[in-house]
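1. For reference, the sequence and a predicted model appear below.
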Amino acid sequence: MASHFFALFSRMKNMDRWALMRNVRNESLSAHSLEVAAIAHALALIGNRRLGKSYNADRAAVLGIYHDMPEILTGDMPTPVKYYNPEIRRAFGEIEHAAARSIADTLPEDLKADYAPLLDPDETEELYKLVKAADKISALIKCIEEKNSGNREFLTAERATLKALKKLDCPEADIFTGEFLGSYSMVLDSIMK
C-alpha cells in the first residue's frame, strides 16, 4: 500500500511562517524545522558537556525536524492568536494533536509507532523542553534577521520571544544565546575573521 507521509513532509517547504507580518525574507516551515533541529541538537550537547546531563542529542534533533509537521494541516497559527486565552490554546492543542494523528495515519502500520511520538511528543519528555527552547531561539533569530534588514515589524515579536524563552528556564538555551546569538547580527566577512 502506498504511503503519503513523505509527500506531506515535503510540503513543509511550501508553508510560510509569520504570515501576519511583513517579511523581508520568507521563512518556510522546513527551513525553520532544520534550524530547530540543529539548535535542539546543540542544546542537548551543551547540557551533556557543560551541565552534566545525559540527553540523547540525536533524538533532540529528530524531534526538532518533525516538531511542526502538523502545521502542514493546521497552518502556522500566529502566537498572539494561539495563546490569546487558555480556551483557544486548549482548542488549538486538540487540533494539533488531531493533525499529528492524521499525519501518522498516512504511514505504513509497522512505522506508525516510530513516528507518532515525533509528530505528537510527550510534553513531559525531558527533550521536549529543549525543542521548545530551540523553537523560541529560531523565532528569535528570525526577529534579529528581520530587524537587521530594517524591518521594524519584528521588534515586538523579538521582545515577546525573549520573554518566552526566559520563562522556559532552560540553562542550555541561556548558554546558547550567550555564545551564539550575537553572531546573527554580523556580516559574513566579520564572522569569518
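-> That came in fine, so what should we check first? All figures in this text were calculated on a predicted structure; none of them were measured in a lab.
2. What residue, apart from its backbone neighbours, is nearest the residue nearest the centre of the chain spatially?
-> In the chain, the centroid-proximal residue (CA atoms, centre = their mean) is D135; its distance is 3.1 Å. Nearest residue to D135, sequence neighbours excluded (CB to CB, 6 or more residues apart in numbering): V36, at 5.3 Å. In short, each C-beta sits where N, CA and C put it, glycine included.
3. how about low-confidence regions in this protein?
-> 78, 80-81, 83 (pLDDT under 70).
4. which residues in it form strands?
-> Assigned by DSSP state E, the chain shows no strands.
5. Quick check, the residue nearest to the centre of the chain in contact with E71.
-> No. Between D135 and E71 there is no contact under CB atoms under 8 Å: 11.7 Å.
6. returning to what we had before: got the contact list for the residue nearest to D135?
-> 64-65, 67-68, 131, 134-135, 138 (CB atoms under 8 Å, 6 or more residues apart in numbering).
7. Including distance to T124, could these go into TSV?
-> Shown next, in TSV, are the contacts of V36 (distance: CB to CB, whole Å):
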residue	distance to T124
G64	18
I65	21
H67	16
D68	19
V131	13
A134	17
D135	17
S138	22
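8. from the residues you listed, which would you call buried?
-> Neighbour counting with 16 or more other CB atoms under 10 Å marks 64-65, 67-68, 131, 134-135, 138 as buried within these.
9. contacting residues for the residue lying closest to L34 once chain neighbours are set aside?
-> Take L34 and drop its neighbours on the chain: the residue closest to it by CB to CB, 6+ apart is I65, 7.3 Å away. The contact partners of I65, by CB under 8 Å, 6+ apart, come to 33-34, 36-37, 118.
10. The residue lying closest to E27 once chain neighbours are set aside: neighbour count?
-> Nearest non-adjacent residue to E27, counting by CB to CB, 6+ apart: R17, 4.8 Å away. Close neighbours of R17, defined as other CB atoms under 10 Å, add up to 20.
11. Am I right that R17 is in contact with M77?
-> No. Assessed by CB under 8 Å, R17 is found out of contact with M77, at 10.5 Å.
12. Distance check, the nearest residue to A157 once chain neighbours are set aside against T161.
-> With sequence-adjacent residues excluded and distances taken as CB to CB, 6+ apart, A157 is closest to C143, at 5.2 Å. As for C143, its distance to T161 is 6 Å (criterion: CB to CB, to the nearest Å).
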